[in-house]
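>>> Turn this into a model:
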Amino acid sequence: MNAQPRRKLLKISMFGITYLKDHNPYMIAWWSAVFPGFGHYLLNQYVRATLLTLSEVIINTLAHINEAMVYSFCGKFELATAILEPTWTFGYLVIYLYTIGDSFRIALYQNKLTHLVLKESNNIPCLAVTASEIQYLEEKSPFFSAFYSFFFPGLGQLYNHRFGLAFYAMFWWWIYIWLSKAHEALLTLLLGQLEASNNMLNPHWFLFMPSVLFGSIYQSYLATLEQNQLFRLEQRTYLSKRYKNSKLRIFS
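Now for the predicted structure:
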């Protein structure tokens, strides 16, 4: 009797591939500290991650966290203290610390689930055809996913067929570029007008950009590596079952 597996390793839907995978909990917590929600993206918890990133942008803006950080970096501690909005700052701190701890806890538990699910006999899906999308496991280049994300965050996610996250990232990158005036400041800097370039930048919105850029690069690179591993695991599982009675032993 072939019982249904209690746990599933992955799910292929129109939105992409969602899966369990071993993670370094400290790396997950670190990305949550860099930008709340990023750690949850790495754990394939896309809805809560998206809501956490939205709360980061909204509450950070209301509390003036980024402006206070810029003043602190410049040694202007009185201005940093004066610009903070206490009501929103305390709420921001609570959510920030919770997000780090929650992502760390989930990473530990998902590691246990991954070990359990890999021990079960499991038919791994490799293709999903829906009315609006075709999703499948395939091998891709981690270099290209990181390369695309470097030039425009979201493109690496689109390369990995995670189109919802891709267009969400692309939308917000346009917002950051527009509100920070990063492109105008870069052009002015290239023309040799350093002071005008500095004055043009909006520090609040510009400070989001490094975290988003490198977070996008890391997420797309890691997702490509993990999906390549799933592709090879699916092929290994299928071929082992398909040729289990063969005398030729490819897998030991």
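
>>> residues touching Ala107, list them.
His23, Asn24, Pro25, Ile28, Ala29, Gly39, Leu43 (CB atoms under 8 Å, 6 or more residues apart in numbering). C-beta coordinates here come from the backbone N, C-alpha and C atoms, glycine included.

>>> Show me those that map onto helices.
Using DSSP state H, the subset of the contacts of Ala107 located in helices is Pro25, Ile28, Ala29, Gly39.

>>> just checking, the last one touches Ser103?
It refers to Gly39. Yes: assessed by CB atoms under 8 Å, Gly39 is found in contact with Ser103 at 3.4 Å.

>>> Mind giving me the packing neighbours of the helix or strand bottoming out on mean pLDDT in the chain?
Across the helices and strands of the chain, mean confidence by mean pLDDT, DSSP states H and E is lowest for helix 194-200: a mean of 87. Contacts defined by 3 or more CB pairs under 8 Å, 6 or more residues apart in numbering; DSSP states H and E place helix 194-200 against helix 182-190.

>>> Now do the same for the helix it packs on: mean pLDDT, whole number.
Taken as a whole, helix 182-190 has an average pLDDT of 91.

>>> Which pLDDT value belongs to Tyr221?
For Tyr221, the predicted pLDDT is 98.

>>> please begin residue numbering at 861 from this point
Noted, 861 is the first residue going forward, which turns the last one into Tyr1081.

>>> Quick check: closest non-adjacent residue to it.
Ala1006 (4.2 Å; CB to CB, 6 or more residues apart in numbering).

>>> same question, His975
Nearest to His975 is Asp882, by CB to CB, 6+ apart, at 7.9 Å.
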